[in-house]
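**Q** Task: produce atomic coordinates for the following.
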Amino acid sequence: GGKMYQHILVPLDGAKLGECALPWAQELAKKCEAQVTLLRVIKSSKGYKRAPDYQPPPPGNQQSVATQAVGKKEKTAEDYLTRVALRLQAEGVKAQAQVRLGQTAQAIAHYAEHEACDLIIIASRGRRGFGRWVRGSVADGVSKATCKPVMIVRGPGCVPGV
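**A** Residues are numbered from 1 along each chain as shown. Modelled structure (predicted):
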């Protein structure tokens, strides 16, 4: 059909702030009968790749602590995103969860390009000095890294101006 949006991407960092984007995504997805993908990017110096299923190392194998830590983070992220996806599904929205490794803004933009997302909805605090998802960081980085439309949803405590 002539729906404006068919695939909406909502990057979530696991903080409550990120979830400010969800009501917007839910409403738009219902109106456009779009699919929603919830994406969590786990920072990794190894670059962009599909998060492998976490396997604990076999006894005697000195797998790096960093690799184990990333594996645990992925599992936690997947559990969290799956819970959020189920909430959207309960509202009648087609939703799926994806975890990726990489640099946050680039990985979000890369996913949007390669998975044919029509719109990225991302929450931003709109004030300086709190967490990673402030103006001038992730939301800003994503809008610079992609040609896709980016909708920035302001969280509570937004302070306009510079």
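**Q** low-confidence ranges in this protein?
**A** 1-2, 45-64, 66, 126-137, 158-162 (pLDDT under 70).
**Q** and if we set it to 50?
**A** Applying pLDDT under 50 to the chain flags the ranges 47-49, 129-135, 162.
**Q** That one: strands as residue ranges?
**A** In the chain, the strands defined using DSSP state E lie at 7-11, 35-43, 49-50, 94-102, 119-124, 150-154.
**Q** For V65, find the nearest of these.
**A** Minimum separation from V65 across these (C-beta to C-beta) falls at strand 35-43, 15.3 Å. For every residue, glycine as well, the C-beta is placed using N, CA and C.
**Q** List the buried residues for the closest one?
**A** Across strand 35-43, burial judged by 16 or more other C-beta atoms under 10 Å covers 35-42.
**Q** and what of stretch 11-19?
**A** 11-13, 17-19.
**Q** re earlier: take the buried residues of strand 35-43 and lay them out in a markdown table including distance to G102.
**A** Listed next are those as a markdown table, based on distance: C-beta to C-beta, whole Å:
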| residue | distance to G102 |
| --- | --- |
| Q35 | 22 |
| V36 | 21 |
| T37 | 16 |
| L38 | 16 |
| L39 | 11 |
| R40 | 11 |
| V41 | 6 |
| I42 | 8 |
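**Q** possible to save the strands of the chain as JSON lines with distance to Y111?
**A** Below are the strands of the chain laid out as JSON lines (distance: least, C-beta to C-beta, whole Å):
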{"stretch": "strand 7-11", "distance to Y111": "7"}
{"stretch": "strand 35-43", "distance to Y111": "6"}
{"stretch": "strand 49-50", "distance to Y111": "11"}
{"stretch": "strand 94-102", "distance to Y111": "6"}
{"stretch": "strand 119-124", "distance to Y111": "9"}
{"stretch": "strand 150-154", "distance to Y111": "13"}
